[in-house]
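**Q** let me see the structure of the following:
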Amino acid sequence: MTFSSIVLGQDEETGNSDNLEQKIQNPVADLISLPFQNNIDFGVGPDNRTRNTLNIQPVLPFKINENFNLITRTIVPVISQPVGSSNSEFGLGDVNLSLFLTSAKPKKTIIGYGLALGLPTATDPVLGTGKWSAGPSVVVLVQPKGLTVGGLVQNTWSYAGASDRPDVNFFYSQVFVVKNLSNGWYVNSAPIITANWEASSGNQWTVPIGAGAGKLFRAGKLPINAQLGYYYNVVTPDFGPESQLRIQVVLLFPK
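**A** Residues are numbered from 1 along each chain as shown. From the prediction side, this is the model:
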């Protein structure tokens, strides 16, 4: 899935910025990147406290052969989780790894088929599930000129881990619409819709609506994609967050 007024120059590989602008909107592009996404959730718990999650999300593409690429996306969450009315727990959450097999050749419809893995790396029980989990994942998108429209869907189930922790059956999806503007600017909406199937009825879904804006620029020779967005949860579990401020900075390493 992030500020300066320096306009992005030309992409070294193609001679123009259009190729890089399209790649940054494609979650399975053949592009090395290092996103830092900070999510501030408001109204968490019975005391309406704030939770902060910094997701460090390196993306590494690997060329398998002339026809296919393997895209790896790792999410390493660093969390400050409110506990009770005044305390907080800070530490590492569960690491998530996604592997996508995609076509190495340009296509009108871009599809990535993959596997999502959840690793019980949390440094405290309140920061993770205590379970190993896995499940299928797929991403589909199209990129007509100046526009990206698509979605990512996955569901993971626990298969091992602490026997005294609840099972994991978790649905994750993200719909994204991005409109590129001039001088590296863009507007987007990318709500993350989730469901915890193990939760009680009425407490399973989180459904946000919102939007944001971003800019592609350079710091010296390094391309950077920065964006800011706000999302309000129209559906949320009891004591779930009411809204989220999403700030993301992505370091890009085009070939």
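**Q** in three-state terms, label residue 22 for me.
**A** The local conformation at residue 22, judged by DSSP: H, G, I helix; E, B strand; the rest coil, is helix.
**Q** next, the contact list for it, please.
**A** 29, 143, 148 (C-beta atoms under 8 Å, 6 or more residues apart in numbering). C-beta coordinates here come from the backbone N, C-alpha and C atoms, glycine included.
**Q** likewise for residue 157?
**A** Contacts of residue 157 (C-beta under 8 Å, 6+ apart): 133-135, 167-169.
**Q** per-residue pLDDT, residue 13?
**A** Per-residue pLDDT puts residue 13 at 38.
**Q** please apply the same query to residue 23.
**A** 82.
**Q** burial count for the nearest residue to it once chain neighbours are set aside?
**A** Spatial nearest neighbour of residue 23, chain neighbours left out: residue 29 (4.1 Å); criterion: C-beta to C-beta, 6 or more residues apart in numbering. Counted with other C-beta atoms under 10 Å, the neighbours of residue 29 add up to 22.
**Q** could you do residue 51 as well?
**A** Count around residue 51 with other C-beta under 10 Å applied: 18.
**Q** again with residue 110
**A** With other C-beta under 10 Å as criterion, residue 110 counts 19.
**Q** does it count as helix, strand or coil?
**A** Reduced to three states by three-state DSSP, residue 110 is strand.
**Q** which SSE is the closest residue to it other than its chain neighbours in?
**A** Closest residue in space to residue 110, ignoring its immediate chain neighbours: residue 141 at 5.1 Å, by C-beta to C-beta, 6+ apart. Here residue 141 sits within strand 131-142, counting by DSSP states H and E.
**Q** looking at the contacts of residue 22, spot the one nearest residue 104.
**A** residue 29 (11.5 Å; C-beta to C-beta).
**Q** contacts only, for the closest one.
**A** 22-23, 61, 71.
**Q** confidence score at it?
**A** 85.
**Q** and for residue 215?
**A** Reported pLDDT for residue 215: 96.
**Q** dump the helix or strand of the chain with the lowest mean pLDDT to PDB, keeping only the CA atoms.
**A** Using mean pLDDT, DSSP states H and E, the weakest-scoring helix or strand in the chain turns out to be helix 18-24, at a mean of 78. Extracted in PDB, the C-alpha atoms of helix 18-24 (Å, rounded to 0.1, in the frame of the first residue of the first chain):
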ATOM      1  CA  ASP A  18       4.400   7.900 -16.700                       C
ATOM      2  CA  ASN A  19       5.800   4.400 -16.300                       C
ATOM      3  CA  LEU A  20       6.900   5.000 -12.700                       C
ATOM      4  CA  GLU A  21       3.500   6.700 -11.900                       C
ATOM      5  CA  GLN A  22       1.700   3.600 -13.000                       C
ATOM      6  CA  LYS A  23       4.000   1.200 -11.200                       C
ATOM      7  CA  ILE A  24       3.600   2.900  -7.800                       C
END
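**Q** for that helix, buried residues please.
**A** Buried residues in helix 18-24, defined by neighbour count with 16 or more other C-beta atoms under 10 Å: 20-24.
**Q** tell me the pLDDT at residue 98?
**A** Reported pLDDT for residue 98: 96.
**Q** beta partners for it?
**A** Beta-bridge partners recorded for residue 98 (DSSP bridges): residue 73, residue 116.
**Q** would you confirm that it contacts residue 117?
**A** Yes - assessed by C-beta atoms under 8 Å, residue 98 is found in contact with residue 117 at 7.5 Å.
**Q** more neighbours: the two, which one.
**A** residue 98 (23 against 17).
**Q** ok, that one - contacts?
**A** 72-75, 114-117, 137, 154.
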